[in-house]
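Asker: Provided below for reference: sequence and predicted model.
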Amino acid sequence: MFMTKTIVNNLLHKYSTRLHPFEKRPPLPGTRAKLEFDAETCILCKLCAQKCPTSVITVDVDGARWKCNLMGCVSCGVCADVCPTKSITMSEEYRAPFTERTTLDYQCKPRVRKSKDGAVAAKEADAGQAEDAGKASKTAPSVKLVKGAATDQEKAKK
């Protein structure tokens, strides 16, 4: 008898929670969910790699490559905060869960270093000509799935 009142109340009133798969809550302002990278504006300064608390970002200045192991990223946003050109941003859209090891791998523009008299070093000039030859494939991001790669913990066990 005493429970009948509760059942009728619950049936006649609206839901007190969201019906999750059908009604999704918009992200809160300032949510750090998904790492996004712009290879066109990156200057390969390595600040993001130095400040990353999980050390998942690697920057190869000579090869002009920027890599991030997304399985180890904790979405803290430190890399986005320290980036001087704002090449790294954190979007409010959550990323899909991973079932395999995933790495973001970008080919950036090589850094052009000038000597004291203002002349561009020959090595960088040659790299710039090689970049112009294959420009379409250089700027496209690639996501690599590395299957069967041992983690640091697995290597330590061996």
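Answerer: Great, that's in hand.
Asker: against Asp62, how distant is Leu104?
Answerer: Note on Leu104: its distance to Asp62, by CB to CB, to the nearest Å, is 19 Å. Every residue, glycine included, has its C-beta placed from N, CA and C.
Asker: now do Arg18
Answerer: Noted for Arg18: a distance of 51 Å to Asp62, by CB to CB.
Asker: same thing with Ala49?
Answerer: Between Ala49 and Asp62 the distance, using CB to CB, works out to 14 Å.
Asker: tell me which of the two has more neighbours.
Answerer: Using other CB atoms under 10 Å as the criterion, Ala49 and Asp62 rank with Ala49 on top: 18 against 10.
Asker: got phi/psi on that one?
Answerer: phi -70, psi -40 (degrees, to the nearest 10).
Asker: mind checking the SS state of the residue nearest the centre of the chain?
Answerer: Central residue of the chain (CA atoms, centre = their mean): Leu35, 3.2 Å from the mean position. The local conformation at Leu35, judged by DSSP: H, G, I helix; E, B strand; the rest coil, is strand.
Asker: lowest-confidence helix or strand of this protein?
Answerer: Least confident element among the helices and strands of the chain, by mean pLDDT, DSSP states H and E: helix 135-138 (a mean of 40).
Asker: quick one: average pLDDT of stretch 16-30?
Answerer: In this model, stretch 16-30 has a mean pLDDT of 82.
Asker: just the C-alpha atoms of it, please, in PDB.
Answerer: Coordinates of each C-alpha in stretch 16-30 appear next as PDB, following Å, rounded to 0.1, in the frame of the first residue of the first chain:
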ATOM      1  CA  SER A  16      14.600  12.800 -12.900                       C
ATOM      2  CA  THR A  17      17.700  11.800 -15.000                       C
ATOM      3  CA  ARG A  18      18.700  11.900 -18.600                       C
ATOM      4  CA  LEU A  19      18.000   9.000 -20.900                       C
ATOM      5  CA  HIS A  20      21.700   8.800 -21.900                       C
ATOM      6  CA  PRO A  21      21.900   7.300 -25.300                       C
ATOM      7  CA  PHE A  22      19.000   9.400 -26.500                       C
ATOM      8  CA  GLU A  23      19.700  12.700 -24.700                       C
ATOM      9  CA  LYS A  24      23.400  13.700 -24.500                       C
ATOM     10  CA  ARG A  25      24.500  16.400 -22.200                       C
ATOM     11  CA  PRO A  26      26.500  19.200 -23.800                       C
ATOM     12  CA  PRO A  27      30.100  19.400 -22.600                       C
ATOM     13  CA  LEU A  28      30.800  21.900 -19.900                       C
ATOM     14  CA  PRO A  29      32.800  25.000 -20.700                       C
ATOM     15  CA  GLY A  30      36.500  24.400 -20.400                       C
END
